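After the sequence you'll find the predicted model.
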Amino acid sequence: MPNFGKGKAMEQRVMEKKDVKSFIAELIKLYPSVYGPVTKGKSFSFQKITDPGEVRFNYIRSILPPKKLIMPQEECLMKFTMPPEPKAESVVNYEDQVIIGVHPCDVKAIKLLDLVMANGNTDHNYMKRREHTIIVGIDCIPDDYCYCSSVMDLRCTEGFDIFLTDLGDQVLIDILTPKGKELVEKVTTAPATKDHLKKQDDSLDAKKKMFKAKINGPVQILPLELEGQWDAQVWEDMGHKCLSCGQCVIACPTCYCFDVEDKLSLDLKSGERVRKWDGCQLADFAYVGSGENFREEASGRIRHRFHRKFKYHIDSYSHTFCTGCGRCWYYCPVDINLVEISNRILAREVKCNP
Amino acid sequence: MQSIEDKTNLYAPMISTIKEVKELTPTEKVFTVELPDGKTLGHKSGQFVEMTVFGVGEAPISICSSPTDGKHFQLTIRKVGDVTGVVHNMKAGEKLGIRGPFGWGFPMEELKGNNIVIVAGGIGLAPLRSVINYVLHNRSDYKEFHILHGARTPDDRLFKDELQKWEASGNVNYLETVDKPPSDWKGHSGVITTLFKHLPKMDPAKTFALICGPPVMYKYVILECGVLGLPDSHILASLERRMKCGLGKCGHCQINGLYCCQQGPVFTYTQIKHLEEAL
């Protein structure tokens, strides 16, 4: 089992908000790569930071989750030379990196990916990059598409190295790992007082009341509630709307399905085997050579994705694999969302084939 | 930073050599493959490998030779896509990449002392040929041995020379049928389920059915196994899915919550009867 960002908070300290910029500047000096949320058009994106002023700590969800920095959209797994005498060498691309400004939903998502990638056949490429990644979490303000309060604990207690909470003029720092402690030592901080911790509790209480989107019941009962609802009308209804564009799976912080393909260099003498993100919502995902497509209908694909988030992976990992980040909903061109599906499943509507 | 890993990476294949290519039909060939450095594959009947054609890609292929067949192993490949299309043009001496073996094969040890009924449709004969040759090699370990084999036409049948050997051996009750018989065909005709009526009465508690064929076949064959009285746990089906990584990660081969590449491709009917996506 992976042990990244696990355990009780070692220590809680506070820093002055005006020192945050110099803190980031220090990180840029010390680490080959520091990533953080920056403005991209009307949205936000995790990019390499060269100027601390670029970082937008008050951002609303990034277009792609920070997952992309640990499991890139495309990565080389192997380099080979072509026959007659082929050679193959495994490749891992990584460097020491700090990701700052990761929201609790994405911290949780990375934690879930850690579980998956370590399970059974450990994914060496993912693990190598994860070992070289430091995560600086940050608290956030939910918008209309956020529903993390329905699927996870609002208090972020694991999966990060340090976690920042905005207390006004000051920032509370939860330090979880030795690496995180090392990081905090680069900046002037003071021990947190009871007053600071109370302010953190108050801000979480206030946040709890801000969510508009809610799943009407504990998600832990969804695996049971899904029993007998394989033919529920909700799958048909969503299948009719779905364009099978795959934006939901690309935007999802816990989706990790991939495709592997070989790319040849222009001289045709060597090549790379690359892994690319893939998605179960795309029409040919379960297609086999003989011509059979095992999930031919959009309704079946949506049902599959929902089961992966709220049943299969709960059975295997004891965690709901949706962290309520709202990306799949926000980016869906036809407004399909897991909150509505969950609520219809919990309401046990009449089946389409009674 | 990029590191070339000396550790065995799960995605890096063993560079292997094609020792022999034999045409079975215009669309199917059997490749005999040798691993590097005198390695043996160490597979079980029913397992598969990921085969690389360098520069084209990788495809999951079931192993059609028996573990008892010696150092090399064989793959029956139908020309259906990019990788399989290119490999069909390759010759002895050329190099392939091999990863594996992967998956859960047929539990040949557990089946000892029982009657075995093979149900093979079309290219489904390939993984079951591994079982058949394994059982023939260890014939005294098993009791009655029946092979039900279905193909579209007589010409579509794979391993025609071996079929005759099996039939002539006296060790096996070999039954075959074709969907579209030519006028000079003297054997059975019709779908594979029509062969079940020719099976003798057997003790269901001592009989296992091992099934592989086109997706449409399973439901009907399993019904016939039910008529024979076989318990669900005695019905073993090898299912086809798109197994891309073989490691239980990429998601392509998932059947409900199961990964076909890890928990399969051989499943008992007990495992899959409640899975809506299995059959």
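That came through, no problem. Everything numeric in this text was worked out from a predicted model, so none of it was measured.

In the stretch 101-250 of chain A, mark out all the helices, start to finish.
Here the stretch 101-250 of chain A has its helices, by DSSP state H, counting those that start in this stretch, at A:104-118, A:124-131, A:148-151, A:178-184, A:194-208, A:222-225, A:233-241, A:247-251.

Quick one: closest of the ones you listed to B:Thr270.
Distance to B:Thr270, taken as CB to CB, is lowest for helix A:222-225 among these, at 20.4 Å. C-beta: built from backbone N, CA, C; applies to glycine.

contacting residues around that closest one?
A:217, A:310-311, A:314-315, A:320, A:342, A:345-346, A:348 (CB atoms under 8 Å, 6 or more residues apart in numbering or on different chains).

try 10 Å this time
Contacting residues not belonging to helix A:222-225 are listed as A:151, A:215, A:217, A:219, A:229, A:306-307, A:309-315, A:320, A:322, A:341-342, A:345-348, B:257 [CB atoms under 10 Å, 6 or more residues apart in numbering or on different chains].

how far does it sit from the chain's center?
Here the centre of helix A:222-225 is set off from its chain's centre by 23 Å, with CA atoms, centre = their mean, to the nearest Å.

How about stretch B:214-225?
Remark: stretch B:214-225 is offset 16 Å from the chain centroid, using CA atoms, centre = their mean.

One more: stretch A:310-325?
Distance, stretch centre to chain centre, for stretch A:310-325: 13 Å (CA atoms, centre = their mean).

end to end, how far does it reach?
15 Å (CA to CA, to the nearest Å).

Ok, stretch B:212-220 next?
Stretch B:212-220 has an end-to-end distance of 12 Å (CA to CA).

ChimeraX command for the buried members of the contacts of helix A:222-225?
Remark: buried members of those, expressed as a ChimeraX selection using 16 or more other CB atoms under 10 Å in any protein chain shown:
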select /A:151,215,219,229,306,307,309,310,311,312,313,314,320,322,341,342,345,346 /B:257
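
before we move on, back to that, now the helices of the stretch 101-250 of chain A in JSON lines, with mean pLDDT?
Formatted as JSON lines, the helices of the stretch 101-250 of chain A follow (pLDDT from 0 to 100):
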{"stretch": "helix A:104-118", "mean pLDDT": "96"}
{"stretch": "helix A:124-131", "mean pLDDT": "94"}
{"stretch": "helix A:148-151", "mean pLDDT": "96"}
{"stretch": "helix A:178-184", "mean pLDDT": "94"}
{"stretch": "helix A:194-208", "mean pLDDT": "94"}
{"stretch": "helix A:222-225", "mean pLDDT": "94"}
{"stretch": "helix A:233-241", "mean pLDDT": "97"}
{"stretch": "helix A:247-251", "mean pLDDT": "97"}
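
thinking again about what came up before, narrow the contacts of helix A:222-225 to those in helices?
A:151, A:306-307, A:313-315, A:341-342, A:345-346 (DSSP state H).

any idea which of those is the one closest to chain B?
A:Asp315 (5.8 Å; CB to the nearest CB).

Not counting its neighbours along the chain, what's nearest the closest one?
Distance criterion CB to CB, 6 or more residues apart in numbering or on different chains; nearest residue to A:Asp315, sequence neighbours excluded, is B:Gly257 at 5.8 Å.

Also B:His137?
Sequence neighbours aside, B:Thr68 is the residue nearest to B:His137 in space, at 4.2 Å (criterion: CB to CB, 6+ apart).

Run the contact check for the strand or helix carrying B:His149 versus chain A.
Assigned by DSSP states H and E, B:His149 belongs to strand B:145-151. No - taking CB under 10 Å from any CB of the partner chain as the criterion, strand B:145-151 and chain A are apart, separated by no less than 14.8 Å.

how big is the angle separating the following helix or strand past that strand from strand B:145-151?
Where DSSP H and E defines the elements, the next helix or strand beyond strand B:145-151 is helix B:160-169. Orientation note: helix B:160-169 sits at an angle of 150 degrees relative to strand B:145-151 (axes from the mean of the first three to the mean of the last three CA atoms, to 10 degrees).

Check residue 98 and give its pLDDT.
No chain was given, so I picked chain A. On pLDDT, A:Val98 comes in at 97.

my question was about chain B
97.

Double-check it against B:Ala59; I have them as touching.
No - counting by CB atoms under 10 Å, B:Ala59 is not a contact partner of B:Ile98; they are 11.5 Å apart.

Low-confidence stretches in the stretch 51-200 of chain B?
For the stretch 51-200 of chain B, no stretch has pLDDT under 70.

got the residues of it near chain A?
Selection of the stretch 51-200 of chain B residues close to chain A by CB under 10 Å from any CB yields B:52-61, B:77-84, B:90, B:93-97, B:102, B:122-123.

which residues does residue 208 contact?
With no chain named, the answer covers chain A. A:142, A:149, A:154.

oops, chain B please
So B:Phe208 contacts B:106-107, B:110-111, B:114-118, B:142, B:225, B:230-231, B:233-236, B:268 (CB under 10 Å, 6+ apart).

Out of the residues you listed, name the ones that lie in strands.
If you go by DSSP state E, the contacts of B:Phe208 have B:115-118, B:235-236, B:268 in strands.

will you turn those into TSV that also has neighbour count?
Converted to TSV, the ones in strands among the contacts of B:Phe208 look like this (neighbours: other CB atoms under 10 Å in any protein chain shown):
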residue	neighbour count
B:Asn115	20
B:Ile116	22
B:Val117	26
B:Ile118	25
B:Ile235	26
B:Leu236	24
B:Thr268	16
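
Output the residues you listed in CSV; the columns should cover distance to B:Thr177.
Listed next are the ones in strands among the contacts of B:Phe208 as CSV, based on distance: CB to CB, whole Å:
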residue, distance to B:Thr177
B:Asn115, 20
B:Ile116, 19
B:Val117, 15
B:Ile118, 14
B:Ile235, 20
B:Leu236, 21
B:Thr268, 26
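
Apart from its chain neighbours, what residue comes closest to the residue of the stretch 101-250 of chain B found nearest chain A?
Among the residues of the stretch 101-250 of chain B, B:Leu247 lies closest to chain A, at 4.1 Å counting by CB to the nearest CB. Take B:Leu247 and drop its neighbours on the chain: the residue closest to it by CB to CB, 6+ apart is A:Asn121, 4.1 Å away.
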